[in-house]
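Asker: Attaching a predicted model along with its sequence, questions to come.
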Amino acid sequence: MHDHRILRACLAALALSVLPATAANTWFVSPGGTDSAGRGTAESTPFRTIQYAVNAATAGDTIVLLPGDYGADQGTTTTTVSGNSSANRVVIDKPLTVIGRDGRDKTRIVGAWDTTEYADLPWGFGPNAVRCVWIANAASGTRLEGITFQDGSVPIWNTQGNDIGGGGGVVVYDPSSASDVSVAVVDCAFIECQGFNGGGLVSQRQAANVKAVRCLFKRCRSSKFGTAMRGGSAYNCVFDDNGRTRFKNGEQKVVGAQMGNGGTEGAMSYPQYVVNCTFVNNDNYAIGNANASSMKIYNCVFANNGFVSAATGAKTARAFSTAAAYGNCVSDISTITANNCKYAVFTESSEVYSPYDGDYRLIPGASSLTAGNTTWLKNIPEEFRAVDFNGNPRTTDDVVYCGAMQAVADAAASGVAIGYTADGDWYLDGEKLEIRTRTWKAEEGWPKPRHVKFVPVDGKALVRFSIGGSTVWPLRDDSAWFTSSKAGQVQTVAATTTSNIFYADPVNGSDDTGDGSEANPYRTLNKAVKKTTASFVVRAKAGDYNEGGENVGDDITTRVVVPKALEGTLRVIAVDGPESTFISGASDSATDNGTGANAVRCIAVVSTNAYRAAFQGFTLRDGRTGPNSNVPSQGAALYNVNENATSSIGTGVLLDCVVTNCSGNRAGCIAGGNAYRCKFYD
């Protein structure tokens, strides 16, 4: 396999018009090699760094990368041009062929995100960021093949948003509007790269001769034009799960004019030729900011692209940015010919088998099967027409599929999308997920139950999950079980966290001098749940919470009252469980059944928005209500107070609780609200 790659690379090198009279050389590089004179000419004596090989090479040479990661130990090269000073793993300043011998799955050039958090920059940008590859205009004719560009980022410090502030994977620098630098990037991958423009690949002059061929752009980010790619041409490429830059907390936000608007651009912007590409699950338009008179987009598949809410994970389907502004076609049109473009537009993820695990084949019955046009394959340069994204022969008769692949899968696979967060670690079915932006996991066939767990970083606590846009309260260990919606669909899981964490301890706490910290906890839960109006978590230590309380307008005492002032979401967790943690009401000793003016209820929730407060892992016991038969004399364990109607709404929730020996004139245990995974007895 690798001999074939090297032969193809050498043939490409021989075709360069800038070749010197002498024959081209082949150089070898390995992460375990040595940078010194007299080496690099054989696999057995490779250089260590790519840059050393670039410096040793002459125009037209081939550099072969042996398997491994070319990352931080490769050093950086700083390129300074007008308005830009950026660190790069590799700077190519002459026409070369650089090829990963064993392909993109085993050969990576790894940049770096800046891990310092800056108030005015999205996460990963900053002076310590490192791009993967810079290609100078003098390097026209360069070819990159069989390489993954991973984690490349850019400073966006003094660039003011120009094009060379983009391309966290590869930037092609072309300072003259009259020139047209030619670069081919073949069988490569751009993974989690980001920039101001073109998170993965940037053609500074948007030149058609900057070509991405059979490339994968996955989870790339940009602040403005082209979340994956800006300018150039794309042939048989896949654009999956690319989107806008985010701040460390996952917030989708643009700060300052230099950051652009970041919200209306596509996975690819300012395209020239886009032929037989697949755009799936991108977090905005598939294609944005294109010139209707010059763009040529043929035989493409667009599936499940749209704007995603960082808060809920909900998506608004889009395929293209507005026709009026950019001359593009609008979404939700199955096939349309206009402005020299042939679109096959689809919005259902079930068109493609399983992008969640990297299988982008079409499924039986997909609208894009046989929907392509063979005459438009001529727009792909001849040397790249013969095979599809996976290297399989392309159909040559009168049947061509839209998209990057000409193969058909079985039934679609469903998937799980893990939401944006920098506040902890995610686990899916016991496996820790490495997440920077968003991670997809798939299952073949029909859905099965999945177990997701979130472990917050120090100083943070999990409040609740959102799964498919619906509220899901976690188990006591911050995990949840759920089932994906159906085959071929994705279920997005997100976490709401908080740094507002307070403690209660009925044995060692103090209502007088405590501040609610773990070292100085409150004695009563009633004081703890009034600490803030924002979202917060109360951790309740073991013991009997049988003191304190107040009246909620029904002439009896309630032990714990969640106030109407609460604007966020409250989760109160009994850290040691219901076996040793109690919220105790009390009977009125003057009556036979214990209800009466001196009775004590366990919990009341006055706040009026749904799913406002959850109590988890307690035993609620001995609660009683007032003596009357009217509505307030109800819910001896949990009473959801509704000030505007006769029936209570679901503001309060019991999770994993035990409710015992409670009594009221109505709804002896719960009036309104919800109970999940609870036990009721006596």
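Answerer: Structure received.
Asker: Output stretch 542-555 as PDB, restricted to C-alpha atoms.
Answerer: Coordinates of the C-alpha atoms in stretch 542-555 are reproduced here as PDB (Å, rounded to 0.1, in the frame of the first residue of the first chain):
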ATOM      1  CA  ALA A 542     -26.500  12.500  56.800                       C
ATOM      2  CA  GLY A 543     -28.800  13.100  59.800                       C
ATOM      3  CA  ASP A 544     -32.400  14.100  60.500                       C
ATOM      4  CA  TYR A 545     -33.500  17.500  59.200                       C
ATOM      5  CA  ASN A 546     -36.200  18.000  61.800                       C
ATOM      6  CA  GLU A 547     -35.700  21.700  62.700                       C
ATOM      7  CA  GLY A 548     -36.700  25.000  61.300                       C
ATOM      8  CA  GLY A 549     -39.400  25.800  58.700                       C
ATOM      9  CA  GLU A 550     -41.900  28.400  57.700                       C
ATOM     10  CA  ASN A 551     -45.500  28.900  56.700                       C
ATOM     11  CA  VAL A 552     -46.500  28.900  53.000                       C
ATOM     12  CA  GLY A 553     -50.000  30.400  53.500                       C
ATOM     13  CA  ASP A 554     -51.900  27.400  54.900                       C
ATOM     14  CA  ASP A 555     -51.400  28.000  58.600                       C
END
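Asker: Could you pull up the residues touching the spatially most distant residue from the centre of the chain?
Answerer: Relative to the centre of the chain, and counting by Cα atoms, centre = their mean, the farthest-placed residue is Ala590 at 60.4 Å. Ala590 sits next to 596, 598 when contact means Cβ atoms under 8 Å, 6 or more residues apart in numbering. C-beta coordinates here come from the backbone N, C-alpha and C atoms, glycine included.
Asker: I'd like to know how far it sits from Gly103.
Answerer: Here the distance between Ala590 and Gly103 works out to 83 Å (Cβ to Cβ, to the nearest Å).
Asker: So which residues of the stretch 451-600 of the chain form helices?
Answerer: Counting by DSSP state H, counting those that start in this stretch, the segments of the stretch 451-600 of the chain that form helices are 525-528.
Asker: Likewise for the stretch 1-150 of the chain?
Answerer: Ranges of helices within the stretch 1-150 of the chain are 2-14, 50-56, based on DSSP H, counting those that start in this stretch.
Asker: What residues sit buried inside the last one?
Answerer: Think helix 50-56. For helix 50-56, burial by neighbour count (16 or more other Cβ atoms under 10 Å) applies to 50-54, 56.
Asker: what's the farthest-apart pair in those?
Answerer: The widest separation within the buried residues of helix 50-56, taken as Cβ to Cβ, falls between Ile50 and Ala56 and amounts to 10.7 Å.
Asker: shared neighbours, these two?
Answerer: When contacts are counted by Cβ under 8 Å, 6+ apart, the set common to Ile50 and Ala56 is empty.
Asker: before we move on, back to that, and the buried residues of helix 50-56 as a markdown table, adding distance to Val452 and pLDDT?
Answerer: Shown next, in a markdown table, are the buried residues of helix 50-56 (distance: Cβ to Cβ, whole Å; pLDDT from 0 to 100):
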| residue | distance to Val452 | pLDDT |
| --- | --- | --- |
| Ile50 | 39 | 98 |
| Gln51 | 42 | 97 |
| Tyr52 | 45 | 98 |
| Ala53 | 44 | 98 |
| Val54 | 45 | 98 |
| Ala56 | 50 | 97 |
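Asker: still on that earlier bit, in terms of mean pLDDT, which of the helices of the stretch 1-150 of the chain ranks lowest?
Answerer: When the helices of the stretch 1-150 of the chain are compared by mean pLDDT, helix 2-14 comes last with a mean of 46.
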